[in-house]
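please work out how this folds:
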Amino acid sequence: SRFEQRWLTRARLRAGLAGGLAALGGYWTAHAAGLLLGGGSAARLSEKLSELASLGRLPGERGLDLFTIQLALEGAVGALILLGAVLLLAGIEPWGLALSYFGLLLTLTGVNLLTFYFEQFSTIITTTVQFILLSGLVYYRRRLRSS
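As a prediction, this is how the structure comes out:
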């Protein structure tokens, strides 16, 4: 409790959570947008699809559909988490916490399954970061928001 009183102040934890959420949401939004919408995206998308096909992870149209769904979900959830971080920093905590919480749950239960299907164990690091941020949000909601 001394550590909590001295180092985990409400403002520090909110800033840390918002920074982590903004980084994660920004990364996912940029990644999906870069493959789907960005300049020269056809070449990058084609490269990624060729890589997945050579590894045997694009079994026909079903695999291509799943990959498209994964990218769309990554972009949408990334934007949702990024918006939650902005709202949290702006002091609109109930909405910021709710959007971030929902976005992280959606990534952990849906998006990461699709990512694991295509990229196997490369999801371990991002899943760990997501879980830490989700745990931080739960802690913030329980202990520090009411103070």
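
which residues sit in contact with the residue nearest to residue 98 when sequence neighbours are not counted?
Counting by CB to CB, 6 or more residues apart in numbering, residue 98 lies nearest to residue 84, which is 7.5 Å off, once chain neighbours are set aside. To be clear about C-beta, it is placed using only N, CA and C from the backbone, and glycine gets the same treatment. Residues in contact with residue 84 (CB atoms under 8 Å, 6 or more residues apart in numbering) are 21, 25, 95, 96, 97, 98, 99, 100, 101, 103.

buried set for the host helix or strand of residue 99?
For residue 99, the host element (DSSP states H and E) is helix 93-106. Residues of helix 93-106 classed as buried: 96, 97, 99, 100, 101, 103, 104, 106 (neighbour count, 16 or more other CB atoms under 10 Å).

got it, and stretch 4-23?
By neighbour count on 16+ other CB under 10 Å, the buried set for stretch 4-23 is 8, 13, 14, 17, 18, 20, 21, 22.

contacts for the helix holding residue 99, please.
14, 17-18, 21, 25, 73, 77, 80-81, 83-90, 130, 133-134, 137-138, 140-141, 145.

ok so, going back, out of the buried residues of stretch 4-23, list just those in helices.
With DSSP state H as the criterion, helices contain 13, 14, 17, 18, 20, 21, 22 from among those.

just put the residues you listed in TSV and tack on pLDDT.
As requested, these are exported to TSV (pLDDT from 0 to 100):
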residue	pLDDT
13	86
14	88
17	92
18	94
20	93
21	95
22	95
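
any stretches of the chain with poor pLDDT?
36-63, 118, 144-147 (pLDDT under 70).

other SSEs contacting the strand or helix carrying residue 35?
Following DSSP H and E, one finds residue 35 within helix 10-36. The contact analysis (3 or more CB pairs under 8 Å, 6 or more residues apart in numbering; DSSP states H and E) places helix 10-36 against helix 41-54, helix 60-89, helix 93-106, helix 123-139.

and the ones in helices among the buried residues of stretch 4-23 as JSON lines, adding distance to residue 69?
Shown next, in JSON lines, are these (distance: CB to CB, whole Å):
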{"residue": "13", "distance to residue 69": "34"}
{"residue": "14", "distance to residue 69": "33"}
{"residue": "17", "distance to residue 69": "28"}
{"residue": "18", "distance to residue 69": "28"}
{"residue": "20", "distance to residue 69": "26"}
{"residue": "21", "distance to residue 69": "23"}
{"residue": "22", "distance to residue 69": "25"}
